[in-house]
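In: Here is the input, now give the coordinates:
(one chain, ligands or ions: 1)
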Amino acid sequence: MRDDRGRQRVIIEGVRPAVDGGRFPIKRTIGDELIVEADVFADGHDALAVALRYRAESVPQWTEIPMEAIGNDRWRAAFPLSNIGQYRYTVTGWVDHFLTWRRDLIKKRDANQDLRLDLLIGAQLIEKAATQAPKEVEQALSRWVKELRATDAPEADRIRAALSAELAGIMAKHPDRAQASLYEVEFAVIVDREKARYSTWYEMFPRSCSTKPGVHGTFKDCEKRLPYIASMGFDVLYLPPIHPIGKTHRKGKNNAPTSRPEDHGSPWAIGSPDGGHTAIHPALGTLKDFRRLMERARTHDIEIAMDIAFQCSPDHPYVKEHREWFRIRPDGTVQYAENPPKKYQDIFPLEFETDQWRALWDELKQVVDYWIEQGIRIFRVDNPHTKPFPFWEWLIGEVKRTHPDVVFLAEAFTRPKVMNRLAKIGFSQSYNYFPWRTTKAELTQYFTELTQSDVREYLRPNLWPNTPDILTEQLQHGGRPVFMSRLVLAATLGASYGIYGPAYELGEHLPREAGSEEYADSEKYEIKRWDLDRPDSLQEFIGCVNRIRRDNPALQRDGSLRFHAIANEQLLCYSKRTADGSNVILVVVNLSPHHVHSGWLELDLASLGLDADQPFQVEDLLTHAHYLWQGERNYIEVNPHSAPAHIFRIRRRVRTEQDFDYFL
Ligand SMILES: O=P(O)(O)O[C@H]1O[C@H](CO)[C@@H](O[C@H]2O[C@H](CO)[C@@H](O)[C@H](O)[C@H]2O)[C@H](O)[C@H]1O
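Out: From the prediction side, this is the model:
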């Protein structure tokens, strides 16, 4: 043990929040307050002072704020996260001899004990502090030393001086911290912009945006689609890769391993003689057109998210120019990509174990930098789990160092630990198992885990009821009620969610074959023409749900999610509320697409901020119906054929001085 450690009596442990003991940063968004807690104690009974230290990454000086004892040797303090970027925090604590002395002096005075010696001990403590304090403080403290030592003055006056709040205040500001303990880990928090936490995504294939049948859509056609997307309340428009598509091993209709000359291929088969990851598919338009689309989207409060798929069609320029970045088999051919059991014969994976890995990393970062230069700030990353973790940790860290506003969504449908690690190393949002969690037990268990365990500190789920790769069995068979209920679940369980449209709002539900989750005649391999004006479109319903999300801040975070009991396996009930309780939302979803279900809710009133004896009003934000409820038990009925869910806003009764009630 180092000499100076032997006299450090304060123990600090259990600092929270932390991920893996501080190995990874936690995540928050701008404007949040970070509440930090720690167990801090020492041997014996001495009084302690504990401080939270924090600083923005770019600022070398620490700011300190006192932590408050909240019982059982646990301490708490909070600091504001006013800028995006990274902050650091840690905890320090020391034995406060003056505070100990003062506390004991009060006890001894109350027990009528002799205090003469204690007053002299106090004077000594103050004297020592004075020698270490600035000149003006030293003078003030010296006056107190004199007063405490004035043995000829009445004892009551000396005690009053010793216990004066002013003296306590000055001593607290100038403590003796020579033996302070400092927690050895500096924790980090990534502060993102709000979009990283609360976002509403719409995925769309630009090549299907033309209104003319069979004609390849362009960015200009996408522009015309923007008002439609905005009418549904989406704020992120995610486009599958927009780069040139290879011809070698191009896939045909329905994932056929061979194509016909008229087939357009999968957009994820990136690269052709027209260029690679920084080029644009000539049929979509030019870079100028793309930049214009981004600008136009912004006028609708929509941001364009770009797909980053680090893989190459056999025709990608890298394949010729950098053979060393691919795994060459003994016969001289390159191994195509797989995500078993899926086979991607039209793409080559990059070989990260190459001796030239550094050059490969730099090149891939340049791709991201290039699109950032063009104005992109949101990336949906394809299959990140098939590339090494150190690569992503480096890439995201480097990007966010200069562009802390960039958001990365990890598209990794894989094992939980792998998905969690990707979130820990920097991905701002993560796809997850929501599409396959369908029963009440599954949804309750999964979302309790995501929002109430340590996972919440680093993984922000983004919920997708469908994607071009995922047409779940439930969507195939449940009809319109399931499309509506899954949308409500995604939009209210998740602060971030997305749909692949127009397939979703138009209720596209036919699989390629029985037992498959692939769409029949999937848009991944061909151009589609969607009839957006169909009367059965969910456009309006989706717009309404997204408006509810926008108007109710409770739905813009995940941490407050609570499930409420109801004795019916087909009814799921949960709530979310803002920290100050001013906005409380209660959702009841009928999970059955076929039957009306009813039951008695057993509300956890405390989690809703309600008293058992006070009536409260619930307003269904989907239908605007109002009900007056009281207590835990309230009857509910949900008809999947009209609306398979209620999204209630809870309003508490407020009584004015004139005894007039209203609901807030
Ligand atoms: O492997 P995942 O299920 O996570 O899917 C993602 O990555 C796939 C590979 O990029 C991508 O697959 C599509 O593109 C491939 C390359 O062109 C093609 O072979 C596949 O048939 C096609 O589905 C998938 O869309 C993406 O979400």
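
In: how many other residues sit next to Leu48?
Out: Around Leu48 sit 20 other residues, with neighbours defined as other C-beta atoms under 10 Å. (C-beta placed from N, C-alpha, C; glycine too.)

In: And Val596, by the same measure?
Out: There are 13 residues near Val596, going by other C-beta under 10 Å.

In: need the contact list for it.
Out: Val596 makes contact with 590, 637-641, according to C-beta atoms under 8 Å, 6 or more residues apart in numbering.

In: again with Ile126
Out: Ile126 makes contact with 98, 141, 144-145, 148, 167, 171, according to C-beta under 8 Å, 6+ apart.

In: redo that, cut-off 10 Å
Out: 98, 101, 133, 140-149, 162, 167, 170-171, 174 (C-beta atoms under 10 Å, 6 or more residues apart in numbering).

In: Same check on Ser537?
Out: Under the contact definition (C-beta under 10 Å, 6+ apart), the residues listed for Ser537 are 232, 501-502, 504-507, 530-531.

In: Please name every helix or strand in contact with the longest helix along the chain.
Out: In the chain, assigned by DSSP state H, the helix with the most residues is helix 473-493. The contact analysis (3 or more C-beta pairs under 10 Å, 6 or more residues apart in numbering; DSSP states H and E) places helix 473-493 against helix 440-452, strand 462-463, strand 496-500, helix 539-551, strand 571-577, strand 584-590, strand 645-655.

In: Flag every buried residue along it.
Out: 474-476, 478, 480-493 (16 or more other C-beta atoms under 10 Å).

In: what separates whatever residue of the stretch 551-664 of the chain ends up closest to the ligand from Arg380, distance-wise?
Out: Nearest to the ligand in the stretch 551-664 of the chain, going by C-beta to the nearest ligand atom, is Asp558, at a distance of 23.3 Å. Noted for Asp558: a distance of 19 Å to Arg380, by C-beta to C-beta, to the nearest Å.

In: Neighbour count: those two, which is higher?
Out: The residue with more neighbours, out of Asp558 and Arg380, is Arg380; 25 against 22, by other C-beta under 10 Å.

In: Quick check: closest non-adjacent residue to the more buried one.
Out: Nearest residue to Arg380, sequence neighbours excluded (C-beta to C-beta, 6 or more residues apart in numbering): Leu409, at 4.5 Å.

In: I'd assumed Phe379 was in contact with the one you found.
Out: Yes - counting by C-beta atoms under 10 Å, Leu409 touches Phe379, with 7.1 Å between them.

In: ok, so what distance separates Arg437 from the ligand?
Out: Here the criterion is C-beta to the nearest ligand atom, to the nearest Å. By it, Arg437 lies 18 Å from the ligand.

In: what's the answer for Asp4, then?
Out: Using C-beta to the nearest ligand atom, one gets 53 Å for the distance from Asp4 to the ligand.

In: Would you mind confirming that that residue is in contact with Ala178?
Out: Yes - Asp4 lies in contact with Ala178 (C-beta under 10 Å); the separation is 8.9 Å.

In: just how off-centre is stretch 402-420 within its chain?
Out: Averaged C-alpha coordinates place stretch 402-420 at 10 Å from its chain's average position (C-alpha atoms, centre = their mean, to the nearest Å).

In: Could you give me the buried positions within that stretch?
Out: Buried-residue list, stretch 402-420, by 16+ other C-beta under 10 Å: 404, 406-413, 419-420.

In: May I have it exported as CSV, CA atoms only?
Out: As requested, C-alpha coordinates have been extracted for stretch 402-420 and formatted as CSV (Å, rounded to 0.1, in the frame of the first residue of the first chain):
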residue,chain,number,x,y,z
THR,A,402,-15.9,15.5,-33.6
HIS,A,403,-19.6,15.0,-34.2
PRO,A,404,-21.4,14.2,-31.0
ASP,A,405,-24.7,14.7,-32.7
VAL,A,406,-24.4,11.6,-34.8
VAL,A,407,-26.8,8.7,-34.0
PHE,A,408,-26.0,5.1,-34.8
LEU,A,409,-28.7,2.4,-34.9
ALA,A,410,-27.4,-1.2,-34.6
GLU,A,411,-29.3,-3.7,-36.8
ALA,A,412,-28.1,-6.8,-35.0
PHE,A,413,-30.7,-9.5,-34.6
THR,A,414,-28.5,-11.9,-32.7
ARG,A,415,-27.6,-13.2,-29.2
PRO,A,416,-28.5,-10.9,-26.3
LYS,A,417,-25.0,-10.5,-25.1
VAL,A,418,-23.7,-9.6,-28.5
MET,A,419,-26.5,-7.0,-28.9
ASN,A,420,-25.8,-5.6,-25.5
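
In: Any part of that stretch near the ligand?
Out: Yes - using C-beta under 6 Å from any ligand atom, stretch 402-420 reaches the ligand at 411, 413.

In: I'd like the mean pLDDT over that stretch, please.
Out: For stretch 402-420, mean pLDDT rounds to 98.

In: With stretch 604-611 instead?
Out: Averaging pLDDT along stretch 604-611 gives 96.

In: Dump it to CSV, keeping only the CA atoms.
Out: Coordinates of each C-alpha in stretch 604-611 appear next as CSV, following Å, rounded to 0.1, in the frame of the first residue of the first chain:
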residue,chain,number,x,y,z
ASP,A,604,-50.6,0.4,-9.3
LEU,A,605,-51.8,3.8,-8.2
ALA,A,606,-48.6,4.9,-6.6
SER,A,607,-46.7,4.5,-9.9
LEU,A,608,-49.3,6.7,-11.5
GLY,A,609,-49.1,9.3,-8.8
LEU,A,610,-52.7,8.8,-7.8
ASP,A,611,-54.4,8.5,-4.4
